[in-house]
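In: missing the sequence, but the structure's below:
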């Protein structure tokens with residue numbers, strides 16, 4: 001099983017975030033907003049980033065991307081499962097918008113129990129709802 005950690009982003013992570021933005025959304029140089037920014041690390045190396053917005057009615061994954069060399073190794077599932085655990089403890093839904101042209105991400109979210117909640121032109125809002133006696137892997 002992969003072992004990843006999230007750490008708060010620091011000023012020195014700007015180049016990593018810029019690279020990840022270009023990978024995920026060409027033409028995007030940064031995201032505005034108040035979302036918490038984390039660097040995803042495995043074995044002490046940065047392998048991705050996640051931005052999380054915690055609002056009054058839900059926790060929302062604003063941005064989540066792994067470097068290409070870190071994909072399909074279980075890291076994404078481990079990060080999302082950890083976020084589900086945090087949402088479960090907060091008794092809040094966990095949401096993310098997943099674009100139609102990203103079938104791998106869509107499969108991962110659906111496999112982890114996220115359900116389509118709102119259809120859009122280019123993406124669906126997927127939501128995971130915590131239950132009272134849920135046990136997460």
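Out: The structure has been received and is ready for your questions. Quantities reported herein were computed from a predicted structural model and do not represent experimental measurements.

In: any idea how far the residue nearest to residue 72 when sequence neighbours are not counted is from residue 116?
Out: Spatial nearest neighbour of residue 72, chain neighbours left out: residue 104 (7.6 Å); criterion: CB to CB, 6 or more residues apart in numbering. For every residue, glycine as well, the C-beta is placed using N, CA and C. From residue 104 across to residue 116, the span is 17 Å (CB to CB, to the nearest Å).

In: strands along this structure, start to end?
Out: All strands of the chain, identified by DSSP state E, fall at 4-8, 36-42, 45-54, 59-66, 94-99, 115-119, 123-128.

In: residue nearest the middle of the chain, spatially speaking?
Out: Against the mean C-alpha coordinate of the chain, by CA atoms, centre = their mean, the closest residue is residue 64 at 3.8 Å.

In: which non-adjacent residue is nearest that one?
Out: With sequence-adjacent residues excluded and distances taken as CB to CB, 6+ apart, residue 64 is closest to residue 50, at 4.5 Å.

In: now the strands of the chain as CSV including distance to residue 86?
Out: As requested, the strands of the chain are exported to CSV (distance: least, CB to CB, whole Å):
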stretch, distance to residue 86
strand 4-8, 10
strand 36-42, 11
strand 45-54, 8
strand 59-66, 7
strand 94-99, 8
strand 115-119, 19
strand 123-128, 11
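
In: now those strands as a markdown table including mean pLDDT and distance to residue 23?
Out: Shown next, in a markdown table, are the strands of the chain (pLDDT from 0 to 100; distance: least, CB to CB, whole Å):
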| stretch | mean pLDDT | distance to residue 23 |
| --- | --- | --- |
| strand 4-8 | 95 | 18 |
| strand 36-42 | 95 | 13 |
| strand 45-54 | 95 | 10 |
| strand 59-66 | 94 | 6 |
| strand 94-99 | 95 | 13 |
| strand 115-119 | 94 | 25 |
| strand 123-128 | 96 | 17 |
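
In: wait, which of those is closest to residue 17?
Out: Between residue 17 and these, the shortest gap by CB to CB is with strand 45-54, which sits at 5.8 Å.

In: tell me what angle that closest one forms with strand 36-42.
Out: Going by axes from the mean of the first three to the mean of the last three CA atoms, to 10 degrees, strand 45-54 is angled at 150 degrees with respect to strand 36-42.
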